[in-house]
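J.: 3D, please:
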Amino acid sequence: MGDESPVQRLRFTYAKGEALRYVSHLDLARAWERAFRRAGLPVAYSQGFNPRPRFQLAAALPVGVTGSSEMLDVWLTEPLPGKEALARLGPVLPQDLKVVHAEEVDLRAPALQAQMRAAE
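T.: Numbering: from 1, shown residues only. A predicted model of the protein is given here:
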């Protein structure tokens with residue numbers, strides 16, 4: 001955790017299955033934070049007294065709901081191919097949390113929450 005600026009933004013599409021149905025949004029965010037650390041991804045951190053990893057979940061799922069096409073953006077301090085990020089994250093994710101796809105997104109793209117139009 002240095003003063004490194006983000007050089008890449010990856011967008012992950014993931015599925016939250018039955019085993020995680022009753023996991024809250026905050027606990028899911030903590031699970032992602034742990035997975036990034038365990039996978040050794042070069043995640044960018046926020047500034048300030050209590051730096052946090054820079055990532056965004058598109059929308060909070062209500063407790064008791066599963067999802068098959070959820071989205072998450074993460075900012076990295078070193079470029080990393082999407083396929084490599086998928087390979088590193090897969091083994092460290094909790095059971096029933098699966099990353100389906102990863103793609104690079106422009107660093108200046110609008111926040112995921114601002115891009116959401118509808119969910120089914």
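J.: low pLDDT regions in this structure?
T.: Within the chain, the segments meeting pLDDT under 70 span 1-3, 117-120.
J.: Just give me the residue right at the centre of it.
T.: residue 72 (4.0 Å; C-alpha atoms, centre = their mean).
J.: Make sure that one is actually in contact with residue 54.
T.: No. Assessed by C-beta atoms under 8 Å, residue 72 is found out of contact with residue 54, at 11.4 Å. Where you see a C-beta, it was placed from the backbone N, CA and C, and this is true even at glycine.
J.: buried set for stretch 91-109?
T.: 93, 94, 97, 98, 99, 102 (16 or more other C-beta atoms under 10 Å).
J.: Span of it from start to end?
T.: When the termini of stretch 91-109 are compared using C-alpha to C-alpha, to the nearest Å, they are 29 Å apart.
J.: Okay, strands next: where are they in this structure?
T.: Secondary structure of the chain (DSSP state E): strands at 8-16, 55-57, 67-76, 97-105.
J.: Next, the angle from the third one to strand 8-16.
T.: In terms of direction (axes from the mean of the first three to the mean of the last three C-alpha atoms, to 10 degrees), strand 67-76 departs from strand 8-16 by 160 degrees.
J.: In this structure, where's the longest helix?
T.: Assignment by DSSP state H gives helix 25-39 as the longest helix of the chain.
J.: counting contacts, what elements does that one pack onto?
T.: strand 55-57, helix 82-89, strand 97-105 (3 or more C-beta pairs under 8 Å, 6 or more residues apart in numbering; DSSP states H and E).
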